[in-house]
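Student: What follows is a protein structure lacking sequence information:
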């Protein structure tokens, strides 16, 4: 007796290949089957075909069987969401790589952070220049000045020479600190997801002083993307001592798809109920990559 007639695995493989060879229309007809196994196989086969199955699925919306219509709509939505997610992740990856892998980066930013207090919103202007250079070097100067409430004023002005950081963070002087060998890579990852000010707070709080984490922002996904616009949603721990308490972040980036340079960024931060939400909007007045920046800009201040 031949193998095809004797081995269960061969029988299963033959059946699987038969389903793969069917047209989309044939697979949709299988959704009418009384056999749940056949329906499930057809469902899985259509799902794996992705975007190619969309025309047939949408054509089936007028099917006489309501169950088939619901199944086809469910498949259509799932395929579209998965496709959008993959495109967004790919676009975000290219945008991040263009920054991280550049020899130098010069960013000039201007915007505002709106703090949504129960008594009303307070807006804080943001102004800053961020320089980065290969060799894990950075020179960051960001100012937040609130004319309505000076207690909200903050500034970050520090230099990373490849191994150490020194300067001012928030409202206090920072002693010389050792930094991870991938500090700039992590900072740029935060910058794209959180905006400039929150990036500074997290880098000095979670990454340097907190538990060792390569990328504390790993839990994120990108459900929306089109030409020149990208939305990222994630959850990030903002307290190194309580990593299980996270903020929900939504970041929308606008960029030039021809060169991958960021133009605007809007970050909505929804913290635990005991804290206040914030919305940060930043315009990147300059986003220059791979142009010379003198090494002197990355020497630690005395």
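Tutor: Thanks, I have it. No experiment lies behind these values; they were computed from the predicted model shown.

Student: contacting residues around stretch 40-54?
Tutor: 15-16, 19-20, 22, 24, 27-28, 30-31, 33, 57, 71, 75-76, 78-80, 82-83 (C-beta atoms under 8 Å, 6 or more residues apart in numbering). Every residue, glycine included, has its C-beta placed from N, CA and C.

Student: Tell me the buried residues in that stretch?
Tutor: Across stretch 40-54, burial judged by 16 or more other C-beta atoms under 10 Å covers 41-43, 45-46, 49, 53-54.

Student: which of those residues lies closest to residue 104?
Tutor: Nearest to residue 104 among the buried residues of stretch 40-54: residue 54, at 43.4 Å, using C-beta to C-beta.

Student: Do you have the strands of the stretch 201-302 of the chain handy? List them.
Tutor: In chain order, the stretch 201-302 of the chain shows strands spanning 220-226, 229-237, 246-256, 261-270, 278-289, with DSSP state E, counting those that start in this stretch as the criterion.

Student: Which other helices and strands does the longest one contact?
Tutor: To tie it back to what came earlier, the one meant is strand 278-289. For strand 278-289, the packing partners by 3 or more C-beta pairs under 8 Å, 6 or more residues apart in numbering; DSSP states H and E come out as strand 104-117, helix 196-202, strand 261-270.

Student: Other residues contacting that strand?
Tutor: Taking C-beta under 8 Å, 6+ apart as the rule, strand 278-289 contacts 98-99, 102, 104-116, 126, 195-198, 261-269.

Student: partner strands of it, parallel or antiparallel?
Tutor: According to DSSP bridges, the neighbouring strands of strand 278-289, each with its direction, are strand 104-117 (antiparallel), strand 261-270 (antiparallel).

Student: So what's the gap between the shortest one and the chain middle?
Tutor: Strand 261-270 has its C-alpha centroid displaced from the chain centroid by 11 Å (C-alpha atoms, centre = their mean, to the nearest Å).

Student: circling back to that earlier point, same list (the helices and strands packed on strand 278-289) but as TSV, adding mean neighbour count, distance to residue 255 and mean pLDDT.
Tutor: Below are those laid out as TSV (neighbours: other C-beta atoms under 10 Å; distance: least, C-beta to C-beta, whole Å; pLDDT from 0 to 100):
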stretch	mean neighbour count	distance to residue 255	mean pLDDT
strand 104-117	18	13	90
helix 196-202	23	16	77
strand 261-270	19	5	88
